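In: Got a sequence here, can you build the structure:
(4 chains)
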There are 4 protein chains.
Amino acid sequence: MENPGRAVARIIVTGGTFDKRYDAIKGELTFTQTHLPALLEQARVSLPLAVDIRLLIDSLQMTEAHRASVLEACRESPERSIVVVHGTDTMVETARVVGRAGLDRTVVFTGAMVPYSVQDSDAPFNLGFAIAASLTLPAGAYVAMNARIFPWDGVMKDKAEGTFKLRGS
Amino acid sequence: MENPGRAVARIIVTGGTFDKRYDAIKGELTFTQTHLPALLEQARVSLPLAVDIRLLIDSLQMTEAHRASVLEACRESPERSIVVVHGTDTMVETARVVGRAGLDRTVVFTGAMVPYSVQDSDAPFNLGFAIAASLTLPAGAYVAMNARIFPWDGVMKDKAEGTFKLRGS
Amino acid sequence: MENPGRAVARIIVTGGTFDKRYDAIKGELTFTQTHLPALLEQARVSLPLAVDIRLLIDSLQMTEAHRASVLEACRESPERSIVVVHGTDTMVETARVVGRAGLDRTVVFTGAMVPYSVQDSDAPFNLGFAIAASLTLPAGAYVAMNARIFPWDGVMKDKAEGTFKLRGS
Amino acid sequence: MENPGRAVARIIVTGGTFDKRYDAIKGELTFTQTHLPALLEQARVSLPLAVDIRLLIDSLQMTEAHRASVLEACRESPERSIVVVHGTDTMVETARVVGRAGLDRTVVFTGAMVPYSVQDSDAPFNLGFAIAASLTLPAGAYVAMNARIFPWDGVMKDKAEGTFKLRGS
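Out: Numbering: from 1, shown residues only, chains lettered A, B, ... in the order given. The predicted structure is shown next:
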């Protein structure tokens, strides 16, 4: 299914709750480094993946420049299957920027409601789900959360429930 | 994407390493009940799913009658997207039984090399990956492990490495 | 070693990092309920223990009234072995209030640098350590952290390192 | 409380359930290396400890020669506070060998009913409990499990319940 020695999918890391870690000295959740490599090892992934650690920020701090950088990373990706790990609060906005660009890429946004480093995190499930979606869906931008796949222009986050929903539903 | 009140995918549980639990009295890993509901809650799944706990056995103990029962469960499933959670040792054999039946269903087999109840399990990632694959792939039988999707007639388990590979590769 | 049906030690819960939980909706660590019962079950504790959930607050928010309430709880305890689960930031101050009272009780303060609900927490170890200390030390007030036992009037928290030290050392 | 640069307590590792790890290839719990260093780091231990990895076996496989080796390790320990991490099945037998020797040491036996590498293990709590007991109890041999301290000649394992009890109770 793939050429040996060449990545078949790309993961673009931007931070978000997914990658927050507890800082015992500060007593709060902060960003120090991504959990992606640990998670891929835990998942025993043998699919050749490229990992681009683009940002490590809370998605509430994302500016238009940051979103342009994510779009650029998608556009320049040699791989057509792309997962963007992103904070949930503004995931829909960044997906819209990528979706409107109409790239010939399958770009699947995912994240986590509970950090990977905290008990009962949704991060491993969500990453697995998003990678499979990126390998199988037609070109376009999607949000993949709660075991559901949403088109970029038909999704919203229900902040009270902490889940993603079809917009208007 | 779905009709309210109706499941859009089905998970058929058969046991395997995925669902082994440590029995502190016996001092060994055994089957008592599936971790599926806990895992779906942890993953914050909102996709309507039907869960069919068909078997809770080690896949080395699977007989042809067991495999026929899994095939039957797939055939009778009202949902066209199906994930079968299965032990890795004979996953390929059961996938072959289902694949040869040529059902008008997308049946994705997955499992785990490390039980969900043990540190650093691949179970949550694999389940997420398999559910997405079941929602997006065309009808057929597949094995989804190691972040890769294999057709039922082109896959083998490398027992020395504990990973799945294209047959002949 | 104990009379059946009667507790031999008491745990007074006040909150602190030990008991913080991740709130997925708010995206921050908060207090909802203590982890004490879960932790005692995990530790397979058969020692009859009384648990007094006195407070569930960050120790930076502790007032003199709060400390007086902890002292009162110690004074009124029917059990002579007492563990106080407390935030680390002002643990030494509360231990001083209890220590100066000169109770005929062994009161051992402990807490955690990493919440029980976060990966690699020191909470279970510290609780076990403190309970044993409360069963074996002579009457007095102590701080038990980092596998060390400190007298209440000879201990300080090194905030830069996140460890407790002999005062003056 | 201690001289800088010199250990104040010793941990003698013998294996047991405490240190079992899941081998994903074999699909079973085996011994590869002790979790002690990881556990001490997680517990943020600053107490100077010496660690002696004497054995890594199931306690059902312990011979009289093994027990003699544990006794020897206790006798030769420069530190007077000693914790022996041991399988629970024959912990009482080894404690008896050490107890009868009447060493001028405080030797506290502990272990785990659930491996450190499995969810909800009692290993961290038990280790913390045993270390505190080794620092505070008078010379003698003890079994410390279930948050209780038993003298070596008054303890039995209730195999049906998986807990330790006073002998005769």
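In: And for residue A:52, the neighbour number?
Out: A count of neighbours around residue A:52, defined by other Cβ atoms under 10 Å in any protein chain shown, yields 17. No exception for glycine: its C-beta is placed from N, CA and C like everyone else's.
In: which residues does the spatially closest residue to it that is not a sequence neighbour contact?
Out: Nearest residue to residue A:52 in three dimensions, chain neighbours excluded: residue A:12, at 4.9 Å (Cβ to Cβ, 6 or more residues apart in numbering or on different chains). Neighbouring residues of residue A:12 by Cβ atoms under 8 Å, 6 or more residues apart in numbering or on different chains: A:52, A:54, A:70, A:73, A:74, A:77, A:82, A:83, A:84, A:85.
In: Surely residue A:12 forms part of a strand?
Out: Yes: counting by DSSP: H, G, I helix; E, B strand; the rest coil, residue A:12 falls inside a strand.
In: Following the chain onward from the biggest strand by length in chain A, which element is next?
Out: Ranked by number of residues, the top strand in chain A under DSSP state E is strand A:49-57. Next helix or strand after strand A:49-57 toward the C-terminus (DSSP states H and E): helix A:64-75.
In: quick one: average pLDDT of that following helix?
Out: Throughout helix A:64-75, pLDDT has a mean value of 98.
In: Determine the set of other helices and strands touching the next helix or strand after that helix.
Out: Beyond helix A:64-75 on the C-terminal side, the first helix or strand identified by DSSP H and E is strand A:81-85. Packing partners of strand A:81-85 (3 or more Cβ pairs under 8 Å, 6 or more residues apart in numbering or on different chains; DSSP states H and E): strand A:9-15, helix A:64-75, helix A:91-101, strand A:106-110, helix A:123-136.
In: Report the beta-bridge partner residues of the spatially most central residue of chain A.
Out: Centroid-nearest residue in chain A, with Cα atoms, centre = their mean: residue A:85, separated by 2.0 Å. Beta-bridge partners for residue A:85, by DSSP bridges, are residue A:13, residue A:110.
In: which residues does it contact?
Out: Residue A:85 neighbours (Cβ under 8 Å, 6+ apart): A:11-16, A:18-19, A:34, A:36, A:110-111, A:127.
In: So for the residue nearest to residue A:52, what pLDDT did the model give?
Out: 98.
In: do the same with residue A:5
Out: 64.
In: Isn't residue A:112 up against residue A:17?
Out: Yes: using Cβ atoms under 8 Å, residue A:112 makes contact with residue A:17 at a distance of 5.2 Å.
In: Neighbour count for these two, which is higher?
Out: With neighbours defined as other Cβ under 10 Å, residue A:112 and residue A:17 compare such that residue A:112 has more, 28 against 25.
In: Doesn't that one lie inside a helix?
Out: No: secondary structure of residue A:112 (three-state DSSP): coil, not part of a helix.
In: For the residue lying closest to residue A:62 once chain neighbours are set aside, give me its contacts.
Out: Excluding the flanking residues, the one nearest residue A:62 by Cβ to Cβ, 6+ apart is residue A:90, at 5.3 Å. Each residue near residue A:90 by Cβ under 8 Å, 6+ apart is listed here: A:59, A:60, A:62.
In: Could you list the low-confidence segments of chain A?
Out: A:1-5, A:169 (pLDDT under 70).
In: At the contact with chain C, which residues of it appear?
Out: Proximity of chain A to chain C (Cβ under 8 Å from any Cβ of the partner chain) is limited to residues A:17, A:22, A:24-25, A:27-29, A:89, A:113-115, A:117-119, A:159-162.
In: Leaving out chain neighbours, which residue sits closest to the residue sitting furthest away from the middle of chain A?
Out: Residue farthest from the centre of chain A, counting by Cα atoms, centre = their mean, is residue A:25 at 28.4 Å. Among residues not flanking residue A:25 along the chain, residue C:162 sits closest, at 4.8 Å (Cβ to Cβ, 6+ apart).
In: and that neighbour, how many neighbours?
Out: Neighbour number of residue C:162 under other Cβ under 10 Å is 19.
In: Run through the residues that contact it.
Out: Contacts of residue C:162 (Cβ under 8 Å, 6+ apart): A:24, A:25, C:88, C:113, D:44.
In: now do 6 Å
Out: A:24, A:25, C:113 (Cβ atoms under 6 Å, 6 or more residues apart in numbering or on different chains).
In: Among those residues, which one lies nearest to residue B:152?
Out: residue A:24 (47.9 Å; Cβ to Cβ).
In: Against residue B:57, how distant is the closest one?
Out: For residue A:24, the distance to residue B:57 equals 43 Å [Cβ to Cβ, to the nearest Å].
In: Compare those two and say which is more crowded by neighbours.
Out: residue A:24 (19 against 16).
In: related to what we said a few turns ago, quickly name whichever of the contacts of residue A:85 is closest to chain C.
Out: Within the contacts of residue A:85, proximity to chain C (Cβ to the nearest Cβ) peaks at residue A:16, which comes in at 9.9 Å.
In: Without its sequence neighbours, what residue ends up closest to the closest one?
Out: Residue A:16 sits nearest to residue A:87 (Cβ to Cβ, 6+ apart), 3.0 Å away.
In: SS state for the one you found?
Out: Under three-state DSSP, residue A:87 comes out as coil.
In: okay, now it: neighbour count?
Out: Neighbour tally, residue A:87, other Cβ under 10 Å: 24.
In: residues contacting it?
Out: A:16, A:17, A:58, A:59, A:111.
In: filter these to the buried ones?
Out: A:16, A:17, A:58, A:59, A:111 (16 or more other Cβ atoms under 10 Å in any protein chain shown).
In: how close does the last one get to residue A:17?
Out: This means residue A:111. 6 Å.
In: Near chain B, which residues of chain A are found?
Out: Neighbours of chain B within chain A, by Cβ under 6 Å from any Cβ of the partner chain: A:42-47, A:113, A:120, A:122, A:124-125, A:128-129, A:131-133, A:136-137, A:146-148, A:163.
In: if we go to 7 Å?
Out: Within chain A, the residues that sit near chain B (Cβ under 7 Å from any Cβ of the partner chain) are A:1, A:42-47, A:113, A:120, A:122, A:124-129, A:131-133, A:135-137, A:144, A:146-149, A:163.
In: In PyMOL, select just the buried ones from those residues.
Out: In PyMOL, a selection of the buried entries from those looks like this (16+ other Cβ under 10 Å):
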select buried, chain A and resi 42+43+44+45+46+47+113+122+124+125+126+127+128+129+131+132+133+135+136+137+144+146+147+148+149+163
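In: Would you check how far apart residue A:158 and chain D are?
Out: Distance of residue A:158 to chain D, given as Cβ to the nearest Cβ, to the nearest Å: 30 Å.
In: burial measure for that residue, as a count.
Out: Residue A:158: 11 neighbours (other Cβ under 10 Å).
In: so who does it touch?
Out: Shown in contact with residue A:158 (Cβ atoms under 7 Å, 6 or more residues apart in numbering or on different chains): residue A:165.
In: so it bridges to which residues?
Out: According to DSSP bridges, beta-bridge pairing links residue A:158 with residue A:163.
In: Give me the distance between it and residue A:58.
Out: 19 Å.
In: Name the residues linked to the closest residue to residue A:155 other than its chain neighbours by a beta bridge.
Out: In this structure, residue A:155 finds its nearest non-sequential neighbour in residue A:143, 4.7 Å apart by Cβ to Cβ, 6+ apart. Beta-bridge pairing of residue A:143 under DSSP bridges involves residue A:109, residue A:150.
In: in terms of contact, does residue A:143 touch residue A:164 like I think?
Out: Yes: between residue A:143 and residue A:164 there is a contact under Cβ atoms under 7 Å: 6.0 Å.
In: Spit out the residues that contact the two alike.
Out: Common neighbours of residue A:143 and residue A:164 are listed as A:150, A:155 (criterion: Cβ under 7 Å, 6+ apart).
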